[in-house]
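>>> Sequence first, predicted model second:
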Amino acid sequence: MGNGDTRVRGIAARAGGWSARHRWAAVGIWVLFVVLAMGLGSAAGRVDVSDSDQLKGETHTAAKIVEDAGIDEPAGETVLVQARDGGMRATDAEFRAAVTAVVRAVEETGEVTDVASPYDTGTISEDGHSALVQFDMRGDADTAGERVEPVLKAVEDVQKDHGSLRIEEIGGASMMKTFDDAFGDDFKKAEYSAVPVALGILLIAFGALVAALLPVLLAITAIMATMGLMGVVSHVMPMSDTANSVMLLVGLAVGVDYCLFYLRREREERAAGRDAQTALRIAAATSGRAIVVSGVTVCVAMAGMLFTGLAEFEAMGLASLMVVAVAMVGSVTVLPALLSLLGERVEKGRLPFLRRRRTSGSGDSRFWTAVLRRVLARPVVSVVVATGALLAVAAPALGMKTQNLTLDQEFGDSLPIVQTYNRVNEAFPGGSEPAEVVVKADDINAPEVKAALADFRERAIGSGASRGPVEIKLHDAQNVAFVYVPLVGGSDQDKAGASLEKLRDEVRPAMLGKVEGLQAPITGQVAGSHDFNDQLVGSVVPVFVFVVVFAFLLMLLSFRSLTIAVTSIVLNLLSVGAAYGILVGVFQHGWGASLVGAEGVGAIITWLPLFLFVILFGLSMDYHVFVVSRIREARLRGRTTRDAVQHGVVTTAGVVTSAAVIMVAVFAIFGTLSMQSMKQMGVGLAAAVLIDATIIRGVLLPAVMALLGERNWYLPKWLHRLPDLTHDETPEAVVAAPGARGEGEPLKV
């Protein structure tokens with residue numbers, strides 16, 4: 001363990017020392033960077049992921065054909081006309097009158113085109129009690145939700161005149177409007193409330209307004225700078241609103257955490273009797289170093305999303321990586337400058353109802369001291385019990401089922417439009433989300449093409465993949481045809497998926513495959529979910545290998561210990577596995593779902609497991625690096641490994657607990673949203689962070705390290721040639737450093 005002659009070195013220590021000596025310059029450079037980043041981003045504008053780049057496979061091919069042809073698909077709308085008591089039939093006079101009234105009412109709004117009566121298209125249910133009036137919204141499909149209100153009002157007026165019938169509208173535009181009205185403010189409130197929640201917890205943790213504001217201000221400025229950078233970078237790799245939301249979450253979490261680590265260490269050293277300058281140097285060389293190691297590890301984990309090949313994931317990964325890097329740089333540069341400027345004023349704004357916390361030099365936590373005493377007294381029992389408990393919690397993950405959630409799974413029956421969606425699917429299975437065959441030919445009106453399309457329509461129904469009606473829409477000028485095929489199975493994703501495979505593997509090759517040069521990729525909601533699943537499953541192994549291998553190497557180089565590197569990976573995987581188990585138990589099986597305002601929907605949304613793995617693996621390293629760095633520091637000061645473990649855990653317990661409470665609170669806010677996918681993300685992240693900060697760092701890590709003893713620092717001789725990225729972490733070495741110019745001189749540790 002002895003390092004012999006060592007030097008006070010490392011980027012964090014040097015950056016902190018320079019910033020403390022050039023305070024105004026450091027603050028000015030940071031402000032200039034934030035302003036320039038925002039200005040450049042505003043000038044460049046943000047390029048978002050296009051539909052054709054969302055997925056690979058057939059969905060991508062279909063979107064590319066439509067994009068290249070210059071066809072702007074309108075937002076399609078449907079009005080369900082249905083007998084309430086099941087007595088009236090579509091052939092009855094009153095039913096016909098209602099259909100005619102719907103057609104006339106929507107046409108008179110001037111907002112629609114291509115209105116089709118069910119008596120012309122055959123969109124009448126098998127039992128004869130339901131019919132669909134179909135039409136398209138005029139203008140851009142992306143903004144159709146802003147223009148659909150008059151149409152919805154017209155349909156409501158017809159409903160008032162025909163009480164014996166159910167007359168309801170559903171479609172892309174009406175769903176867009178409904179969700180924007182119901183949940184648009186929901187997301188904004190969640191994002192806006194995250195900052196006050198974090199500030200409130202920091203006020204309790206520090207007991208002083210200025211000290212609490214510093215981490216929040218650093219996180220906000222890091223997020224602002226990253227938003228600007230996202231605009232610039234989006235011209236190379238397109239971004240998205242989802243990437244922006246994830247960036248806000250991650251940026252707030254790590255920005256506050258990094259600042260919290262640094263600030264608590266600086267305050268602890270001052271409470272131990274150090275002068276302000278020395279306390280800053282110690283914080284820079286210890287917590288600053290832990291922030292750099294942690295930040296680089298988190299960045300590597302986020303970079304794993306770039307290997308999925310999914311544009312949305314790549315955007316989320318790059319945005320998260322950037323905000324972590326910016327927050328990390330800010331923490332080791334502008335934060336020391338601000339602390340140096342503020343001095344004792346960092347304690348200003350002390351809350352009168354909170355007792356001023358005066359810690360000893362050790363900064364021990366009474367609660368964790370008591371826990372550690374029991375854990376270290378019986379480390380074998382602690383490891384067995386804690387590991388067994390985590391494996392039991394993780395066990396349900398073995399039966400995890402993933403799929404893109406249907407409308408009723410995502411929102412339940414809380415919205416009237418969801419009930420309409422269910423009624424349409426019952427009367428016309430698959431009619432609300434048909435498969436869409438995009439046919440591209442040299443001449444779409446050629447006899448052989450028309451014959452193939454007719455055969456395809458007949459075979460699609462005859463094969464059992466669809467019950468019809470199959471609609472064909474020609475775009476003569478572009479030689480493109482859209483074939484809409486309602487899939488048997490409707491909202492049942494498994495059955496609808498089987499119908500899709502039959503269309504792709506049997507019907508299409510037999511009917512459309514016989515025309516030379518014809519392209520016919522099949523897209524749609526079910527096809528998109530199928531292609532997304534396939535691509536995601538294919539990317540799991542490379543992403544997993546990349547994240548785990550690089551995290552392992554970073555830990556190996558940062559701590560010069562093979563044992564530390566291996567245990568870090570194992571403990572993080574246990575934490576992620578437990579989070580998966582909780583997700584499956586709550587949202588797939590419905591165990592205790594009501595406690596979080598959710599319900600068991602039978603599946604986990606497709607993108608979440610890989611997303612959680614990457615995010616949690618990165619964020620878990622925050623705590624791990626911070627705690628292990630403190631343990632290593634104590635070991636370098638001459639303590640036994642057992643004493644170093646106890647010292648490291650109890651002295652970091654306060655800051656880790658505060659950081660974890662902030663993360664859990666911020667993530668839990670997203671668990672309060674109405675969308676099941678957001679609930680799953682919020683609950684999964686919050687549960688994992690809670691497990692990680694308590695069971696993993698408070699029980700398993702110290703118990704395992706106590707059992708391993710001196711083997712914690714084992715590094716095989718053949719690995720001694722690896723680059724040495726360890727830094728001097730002992731306060732004595734830092735204190736002995738001769739001021740501004742002696743940072744590179746050898747010192748005994």
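Perfect, thanks for sending it. Because the structure is predicted, anything quoted here is derived from the model rather than measured.

>>> So which residues of the chain form strands?
All strands of the chain, identified by DSSP state E, fall at 5-7, 76-83, 112-116, 130-137, 165-171, 402-403, 435-440, 471-475, 480-485, 522-523, 604-605, 746-748.

>>> thinking in terms of the whole chain, how far from its middle is the fourth one?
Relative to its chain's centre, strand 130-137 lies at 36 Å (C-alpha atoms, centre = their mean, to the nearest Å).

>>> What is it packed up against?
strand 76-83, helix 93-108, strand 112-116, helix 118-121, helix 416-427 (3 or more C-beta pairs under 8 Å, 6 or more residues apart in numbering; DSSP states H and E). All C-beta spots, glycine's among them, are computed from the backbone N, C-alpha and C.

>>> try 7 Å
strand 76-83, helix 93-108, strand 112-116, helix 118-121 (3 or more C-beta pairs under 7 Å, 6 or more residues apart in numbering; DSSP states H and E).

>>> who's in contact with the last one?
Outside helix 118-121, the residues within contact range by C-beta atoms under 7 Å, 6 or more residues apart in numbering are 90, 99, 124, 131-134, 469, 471.

>>> what's near enough to touch Ser193?
Applying C-beta under 7 Å, 6+ apart, the residues contacting Ser193 are Ile669.

>>> quick one: it and Ile669, what's the gap?
6 Å (C-beta to C-beta, to the nearest Å).

>>> about what we covered before: tell me the least confident of the contacts of helix 118-121?
Least confident entry in the contacts of helix 118-121, by pLDDT: Pro469, with 79.

>>> Any chance of TSV for the contacts of helix 118-121, columns neighbour count?
Converted to TSV, those look like this (neighbours: other C-beta atoms under 10 Å):
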residue	neighbour count
Ala90	21
Val99	24
Ile124	22
Ala131	28
Leu132	25
Val133	27
Gln134	20
Pro469	19
Glu471	17
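
>>> Distance to Gly638 for those residues - can I get that in TSV?
Formatted as TSV, these follow (distance: C-beta to C-beta, whole Å):
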residue	distance to Gly638
Ala90	88
Val99	88
Ile124	86
Ala131	85
Leu132	80
Val133	83
Gln134	80
Pro469	82
Glu471	80
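
>>> Can you tell me which of the residues you listed is closest to Trp18?
Gln134 (67.4 Å; C-beta to C-beta).

>>> Nearest residue to that closest one in space, please, no chain neighbours.
Closest residue in space to Gln134, ignoring its immediate chain neighbours: Ala116 at 4.7 Å, by C-beta to C-beta, 6 or more residues apart in numbering.

>>> ok, that neighbour - how many residues close by?
Here the count is done by other C-beta atoms under 10 Å, and Ala116 has 16 residues near it.

>>> For it, give its distance to Met88.
Counting by C-beta to C-beta, the separation of Ala116 from Met88 is 21 Å.

>>> what's the answer for Leu512, then?
For Leu512 relative to Met88 (C-beta to C-beta), the value is 40 Å.

>>> now do Ile201
For Ile201, the distance to Met88 - C-beta to C-beta - is 60 Å.

>>> ditto for Ala481
36 Å.

>>> more neighbours, these two?
Ala481 (22 against 19).

>>> distance between stretch 38-54 and the chain's centre?
For stretch 38-54, the distance to the chain centre is 19 Å (C-alpha atoms, centre = their mean).

>>> what do you get for stretch 716-724?
37 Å.

>>> Tell me which residues touch the most centrally placed residue in the chain, please.
Nearest to the mean C-alpha position of the chain, by C-alpha atoms, centre = their mean, lies Val246 at 5.2 Å. By C-beta under 7 Å, 6+ apart, the contact list for Val246 reads 316, 319-320.

>>> what does Val699 give?
375, 382, 386.

>>> Of these, which belong to helices?
With DSSP state H as the criterion, helices contain 375, 382, 386 from among those.

>>> The second one touches Val375, doesn't it?
Yes. Under the criterion of C-beta atoms under 7 Å, Ser382 is in contact with Val375, at a separation of 4.6 Å.

>>> Which neighbours do those two have in common?
Residues touching both Ser382 and Val375 (C-beta under 7 Å, 6+ apart): 699, 703.

>>> Hmm, Ser331 is touching Arg289, no?
No. If you go by C-beta under 7 Å, Ser331 and Arg289 don't touch, sitting 11.3 Å apart.

>>> Look at the two and report which has more neighbours.
Ranked by neighbour count (other C-beta under 10 Å), Ser331 and Arg289 place Ser331 first, with 32 against 27.

>>> burial of Arg345, as a residue count?
Close neighbours of Arg345, defined as other C-beta under 10 Å, add up to 11.

>>> Tell me how far it lies from Leu213.
With distances taken as C-beta to C-beta, Arg345 is found 12 Å from Leu213.

>>> Met511 too?
Counting by C-beta to C-beta - Met511 and Leu213 are separated by 67 Å.

>>> quick one, which of these two is more surrounded?
Applying other C-beta under 10 Å to Met511 and Leu213 shows that Met511 carries more neighbours, namely 21 against 17.

>>> which ones are touching the nearest residue to that one once chain neighbours are set aside?
Distances taken as C-beta to C-beta, 6+ apart place Phe456 nearest to Met511, at 4.0 Å, with adjacent residues excluded. Counting by C-beta under 7 Å, 6+ apart, Phe456 touches 483, 507, 511-512.

>>> If you rank these by neighbours, which is first?
That'd be Val507 among those, by other C-beta under 10 Å, with 27 neighbours.

>>> quick one: that one and Gly464 touch, right?
No. Val507 lies out of contact with Gly464 (C-beta under 7 Å); the separation is 10.0 Å.

>>> Could you tell me how many residues sit around Gln493?
Taking other C-beta under 10 Å as the definition, Gln493 ends up with a neighbour count of 23.

>>> now Pro509
There are 11 residues near Pro509, going by other C-beta under 10 Å.

>>> got it, and Val449?
Count around Val449 with other C-beta under 10 Å applied: 20.

>>> same thing with Ile662?
Neighbour tally, Ile662, other C-beta under 10 Å: 27.

>>> quick one: contacts for it?
So Ile662 contacts 198, 201, 256 (C-beta under 7 Å, 6+ apart).

>>> what's near enough to touch the last one?
Going back to what we said before, that points to Val256. 198, 215-216, 219, 662.

>>> Please pick the buried ones from the residues you listed.
Buried by 16 or more other C-beta atoms under 10 Å: 198, 215-216, 219, 662, out of the contacts of Val256.

>>> export the residues you listed to JSON lines and tack on pLDDT and distance to Ser240?
Output for the buried ones among the contacts of Val256, formatted as JSON lines (pLDDT from 0 to 100; distance: C-beta to C-beta, whole Å):
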{"residue": "Ala198", "pLDDT": "82", "distance to Ser240": "25"}
{"residue": "Pro215", "pLDDT": "89", "distance to Ser240": "28"}
{"residue": "Val216", "pLDDT": "89", "distance to Ser240": "26"}
{"residue": "Ala219", "pLDDT": "90", "distance to Ser240": "22"}
{"residue": "Ile662", "pLDDT": "85", "distance to Ser240": "26"}
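
>>> Compare the strands of the chain and say which comes out lowest on pLDDT.
Looking at the strands of the chain, the bottom one is strand 746-748 with a mean of 29.

>>> re earlier: could the contacts of Ile662 be laid out in CSV, adding distance to Ser629?
As requested, the contacts of Ile662 are exported to CSV (distance: C-beta to C-beta, whole Å):
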residue, distance to Ser629
Ala198, 24
Ile201, 23
Val256, 19
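
>>> tell me which of those is nearest to Phe411?
Nearest member of these to Phe411, counting by C-beta to C-beta, is Ala198, at 28.7 Å.
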